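>>> return atomic coordinates for the entry below.
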Amino acid sequence: MDSLHAIGFYVSAAVSLAGGLSVAFLPDRLRRGIALGAVAIGVAGIYLSLSAGFAALVALACYGGCAVLLAGPSYRIFESVTATVWRQLGAIASAVLLVALAYAAYFGAFHHANYFGGDFGSAALGRRLFAHDALATEAVAALVLVALVGSTIAWRSRDRSR
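Numbering: from 1, shown residues only. Predicted structure coming up:
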């Protein structure tokens, strides 16, 4: 990765990190929606710096759609019925997963994939993900699955309120 791509990658990562922290800590839903839009731009920039334009468009559409839902007037907050013990166990499991991913990223020998053409470069991104980081790919797939289920639930609850 040359210096221009590295700068784009790190700036996009910083934008997505700042947006994610803002989503977690801002008080009102409009600001959280704007922060989630910043996350969308940051994640799309990360994919673009990896020459994966199609993945950037998909991430921009998914995160942008969630940002619109979050900032919209029909967004409702509901109290979770999950017990405090299960929430704490989920937080501990998330921390363990984060440590495992950080360990794999820090001590892993990264695969150097070549760019094999195309406007979007999705083949190169797939080769890069499956050549080295299968655990990270599974984590991204689980995140996409949770996002799809969440958006389906939000869509169905909005449809019932009419």
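
>>> and the next element down the chain from the helix or strand hosting residue 127?
Element membership for residue 127, per DSSP states H and E: helix 122-132. Sequence order places helix 134-160 as the next helix or strand after helix 122-132, per DSSP H and E.

>>> for that next one, name the packing helices and strands.
Based on contacts counted as 3 or more Cβ pairs under 8 Å, 6 or more residues apart in numbering; DSSP states H and E, the elements that helix 134-160 packs against are helix 53-71, helix 84-107, helix 122-132. All C-beta spots, glycine's among them, are computed from the backbone N, C-alpha and C.

>>> which parts of it are buried?
Neighbour counts using 16 or more other Cβ atoms under 10 Å place 139, 154 of helix 134-160 among the buried residues.

>>> then stretch 51-68?
Of the residues in stretch 51-68, those buried under the neighbour-count criterion (16+ other Cβ under 10 Å) are 51-53, 55-56, 58-60, 62-64, 66-67.

>>> roughly how far does residue 29 sit from residue 148?
21 Å (Cβ to Cβ, to the nearest Å).

>>> again, but for residue 40
For residue 40 relative to residue 148 (Cβ to Cβ), the value is 16 Å.

>>> one more: residue 8?
With the distance defined as Cβ to Cβ, residue 8 ends up 28 Å from residue 148.

>>> now residue 50: phi and psi?
Backbone dihedrals for residue 50, given as degrees, to the nearest 10, come out at phi -90, psi 10.

>>> residue 40 touches residue 58, doesn't it?
No. Shown here, residue 40 and residue 58 do not form a contact pair, counting by Cβ atoms under 8 Å, at 10.7 Å.

>>> quick check: closest non-adjacent residue to residue 16.
Sequence neighbours aside, residue 42 is the residue nearest to residue 16 in space, at 2.8 Å (criterion: Cβ to Cβ, 6 or more residues apart in numbering).

>>> what strand or helix carries that neighbour?
Assessed by DSSP H and E, residue 42 sits inside helix 29-49.
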